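In: what would the 3D arrangement of this be:
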Amino acid sequence: MEILTLDLDEIDYSLIGIHSNQEDYKIAFLLNKHLDLRFQRFEKCLDFENSNAEFPLFEFKDKDNYINYYLINNKHVQQIKTEKQGLFEESLSTTTYLIPEKKKVDFFLKIEGMCGTATFLNLVSKIKKVPKIMTCYPVEPETLKSKNHLIF
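Out: Predicted structure coming up:
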């Protein structure tokens, strides 16, 4: 009898880091408009046990080409309410990152099922031309310590 094993360390997706100061829904709209994608907000946010952080998720499943695209916000900012003292009110916030080792990345585009390096690099160059996106670049998932946060 042959024994089958499941290797969770095998990466079967590509990853693009996106820098932009826009809101997540605006980035999804811009990618839809300029790249002919059809991102829709996923019903639920990514969340983790022992954390109050939620990361909005947008998805597009290209059934014709068997490719799944996921746009994920890397930052969750939580405002902490404080008491008003005198004329001034102090507000504090905490920022939680989906991938803490990539704090400067605002969004990740996870792509499952894309074949070919040329196709992937062509997509990266198209995203760089989208207005309101400052830059983007490929990210090697194998180098990330928090790569398990991208398994959903």
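In: what's across from the closest residue to Arg41 other than its chain neighbours in the sheet?
Out: Among residues not flanking Arg41 along the chain, Phe58 sits closest, at 5.6 Å (CB to CB, 6 or more residues apart in numbering). Where C-beta positions appear, they are placed from N, C-alpha and C, glycine not excepted. As for beta bridges, Phe58 partners with Arg41, Leu71 under DSSP bridges.
In: give me the number of residues near Phe58?
Out: Neighbours of Phe58 under the rule other CB atoms under 10 Å: 24.
In: hmm, Ser20 is touching Phe108, no?
Out: No. Contact criterion CB atoms under 8 Å: Ser20 and Phe108 do not qualify, at 11.9 Å.
In: show me what contacts the residue nearest to Arg41?
Out: For Phe58, the contact set (CB atoms under 8 Å, 6 or more residues apart in numbering) comprises 24-25, 28, 39-42, 70-72.
In: could you pull out the strands in this protein for me?
Out: 13-19, 40-41, 46-47, 54-55, 57-62, 67-73, 75-80, 84-85, 88-89, 92-97, 107-112, 135-139 (DSSP state E).
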